[in-house]
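**Q** I need the structure of the sequence given here:
(one chain, ligands or ions: 1)
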Amino acid sequence: MKHLIGGISSGGRALPEIGGQAFSVGRSEGPWLWDEQGVRYVDTAMGFGATMLGHAEPAVVAATSAALCNGPMPSFAHADEEGAAAALAGFTGDLSQVIFVNTGSEAVHLACRTARVATGRGRIVKFAAGYDGWYDAVAFGNAGHPTALMADTRRPEQDGMLLLRYNDFADAEQLFRDYRDIAAVVVEPVLANAGCIEPAPGYLKHLSDLAHANGALVILDEVLMGLRLHAGLSGTLLGAEADLATVGKAIGSGVPVAALVGKPEYMTLFEQGKIIRAGTYSGAPPACAAVLATLKQLAGADYTSLLARGDRLRADLVAAFAQKGIAVSTSGYGSVFTLWPCAVAPRNYAEAAQVADSDWTLALHKALRRHGVMTMPFAFGRVYLTFAHDDAALQALLDGYKAAIASL
Ligand SMILES: Cc1ncc(COP(=O)(O)O)c(C=O)c1O
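**A** Numbers count the residues shown, from 1 in each chain. As a prediction, the model looks like this:
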């Protein structure tokens, strides 16, 4: 009898077997990963976005290893903790105060708690088909679940969490007409977990303005998108005005760390003892060392060229499918995008749900794996590119797709 439930500790990361064989990673480095048999793949899952620098980035590994050797859990404030917070604040503008935690889910949980205490209100809002972690209240209305379509006349609600239709200006206005006790709107700047649906022009500004006019805070959930489009918050770049934000993934380059960042007027509530923060491992030395080593590199990274290279790849993929008479499109950006089996990429979740084809994505995933490319195997999955995806990796990726398409 096997003991690990489902063969992996997080349900969303399970891969299908091929020919009765389960997949198991041997090691990963840069844009590559190797299975236990030593077969190499170009990786596009990249820890589900948990690095912009590539797997096992040498400076991050060295700094984290040194911190481990120096004592991973000293209980008390340590030499790198303020430095890591200061480094992170250099990327987050007005949101200059920092609390480190271990996962994005924790950071979102803390952000919601902060908004409730700051406003004295009870309800929080998240996007239908968005993903803000797996804690009770937010684990609701996710992409693929019927609730995410918001087909009923009543707005879905669970444990004080309401759903809002992404990119729907009128739905946001209706929300604030219907509810006077909204503490915050949790805003994923790009509906990335529903297949990289981009914000409509003016949408994030409209939503932020509405929230603020109605006394609610704006929490940017940047766990996935933070530091992925530029060396800062993606939501700010795309027009949102935030009071609090959650970051994770990219800030630690694969080492577990996340953070709540916020305006001093809200974050001071923690120091006043009005909000509890805790966590045995929060801000531990290996996490802070990883943040420092990662941010040092991201500060000078050439995002413009990464996004341009990614956009070229998107165009090449569309052309490769077209050569075989298959119409596909992509949504998102050069560093994170989704491939759709239709000519025009969806602009909202209703359209995404209609074109999402799990069987198509799964068949493509298996064909790609047979040709040396690792992808996320589900319809709303994403292709993540990092600064480690050099010309050789991108060529291997394109060649793998061409071979896989030919075999479909
Ligand atoms: C937008 C967003 N928020 C929150 C989370 C939860 O982060 P974690 O898996 O680190 O708990 C994720 C994870 O993918 C995410 O994409």
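
**Q** quick one, helices of the stretch 51-200 of the chain?
**A** Per DSSP state H, counting those that start in this stretch, the stretch 51-200 of the chain carries helices over the ranges 58-69, 81-89, 104-119, 169-178.

**Q** So is the longest one next to the ligand?
**A** Yes - in this structure, helix 104-119 sits against the ligand according to Cβ under 6 Å from any ligand atom; the contacting residues are 104, 105, 108. C-beta coordinates here come from the backbone N, C-alpha and C atoms, glycine included.

**Q** what's around the second one, how many residues?
**A** Residues contacting residue 105 under the criterion other Cβ atoms under 10 Å number 20.

**Q** Can you give me the buried ones in stretch 275-290?
**A** Buried residues in stretch 275-290, defined by neighbour count with 16 or more other Cβ atoms under 10 Å: 275, 277, 282, 283, 284, 285, 286, 287, 288, 289, 290.

**Q** Save the residues you listed as JSON lines, and put in distance to residue 328, secondary structure and pLDDT too.
**A** Output for these, formatted as JSON lines (distance: Cβ to Cβ, whole Å; DSSP: H, G, I helix; E, B strand; the rest coil; pLDDT from 0 to 100):
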{"residue": "275", "distance to residue 328": "47", "secondary structure": "coil", "pLDDT": "98"}
{"residue": "277", "distance to residue 328": "45", "secondary structure": "coil", "pLDDT": "95"}
{"residue": "282", "distance to residue 328": "43", "secondary structure": "coil", "pLDDT": "97"}
{"residue": "283", "distance to residue 328": "43", "secondary structure": "coil", "pLDDT": "97"}
{"residue": "284", "distance to residue 328": "43", "secondary structure": "coil", "pLDDT": "97"}
{"residue": "285", "distance to residue 328": "45", "secondary structure": "helix", "pLDDT": "98"}
{"residue": "286", "distance to residue 328": "41", "secondary structure": "helix", "pLDDT": "98"}
{"residue": "287", "distance to residue 328": "39", "secondary structure": "helix", "pLDDT": "98"}
{"residue": "288", "distance to residue 328": "42", "secondary structure": "helix", "pLDDT": "98"}
{"residue": "289", "distance to residue 328": "41", "secondary structure": "helix", "pLDDT": "98"}
{"residue": "290", "distance to residue 328": "36", "secondary structure": "helix", "pLDDT": "98"}
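
**Q** quick one: which two of these are the most distant?
**A** 275 and 289 (27.1 Å; Cβ to Cβ).

**Q** pLDDT score for the residue nearest in space to the middle of the chain?
**A** By Cα atoms, centre = their mean, the chain has its centre lying nearest to residue 224, at 1.8 Å. Note on residue 224: pLDDT of 98.

**Q** for residue 11, same thing?
**A** For residue 11, the predicted pLDDT is 89.

**Q** Check the burial of it by counting its neighbours.
**A** Residues near residue 11, counting by other Cβ under 10 Å: 9.

**Q** For residue 102, see how far away it is.
**A** 19 Å (Cβ to Cβ, to the nearest Å).

**Q** Where does residue 363 sit: helix, strand or coil?
**A** At residue 363 the chain is in helix, as set by DSSP: H, G, I helix; E, B strand; the rest coil.

**Q** mind listing what the closest residue to it other than its chain neighbours touches?
**A** In space, and not counting its chain neighbours, residue 363 is closest to residue 408: 6.6 Å by Cβ to Cβ, 6 or more residues apart in numbering. Shown in contact with residue 408 (Cβ atoms under 8 Å, 6 or more residues apart in numbering): 324, 326, 363, 364, 367.

**Q** which of the residues you listed has the most neighbours?
**A** Of the contacts of residue 408, residue 364 is surrounded by the most neighbours, 23 neighbours in total, counting by other Cβ under 10 Å.

**Q** Test my guess that that one contacts residue 373.
**A** No - using Cβ atoms under 8 Å, residue 364 is not in contact with residue 373, being 9.7 Å away.

**Q** any residues in contact with both of those two?
**A** Here residue 364 and residue 373 share the contacting residues residue 404, scored by Cβ under 8 Å, 6+ apart.

**Q** Relative to residue 104, how far out is the residue nearest to the centre of the chain?
**A** Distance of residue 224 to residue 104, given as Cβ to Cβ: 8 Å.

**Q** and what of residue 240?
**A** Distance, residue 240 to residue 104, using Cβ to Cβ: 18 Å.

**Q** repeat for residue 217
**A** Residue 217 is 18 Å from residue 104, where distance means Cβ to Cβ.

**Q** Run a quick neighbour tally on the residue in the stretch 51-200 of the chain positioned nearest to the ligand.
**A** Distance from the ligand to each residue of the stretch 51-200 of the chain (Cβ to the nearest ligand atom) is smallest for residue 104, at 2.3 Å. Residue 104 is flanked by 26 other residues according to other Cβ under 10 Å.

**Q** ok, now the one 10 residues further on?
**A** Number of residues near residue 114 (other Cβ under 10 Å) recorded here: 26.

**Q** interface residues of the chain facing the ligand?
**A** 48, 103-105, 108, 131-133, 188, 193, 221, 223-224, 248, 258.

**Q** Buried only: go through these for me.
**A** Using 16+ other Cβ under 10 Å as the burial test, the residues of the chain next to the ligand include 48, 103-105, 108, 131-133, 188, 193, 221, 223-224, 248, 258 as buried.

**Q** taking the residues you listed one by one, which sit in strands?
**A** For these, the ones inside strands are 221, 258, with DSSP state E as the criterion.
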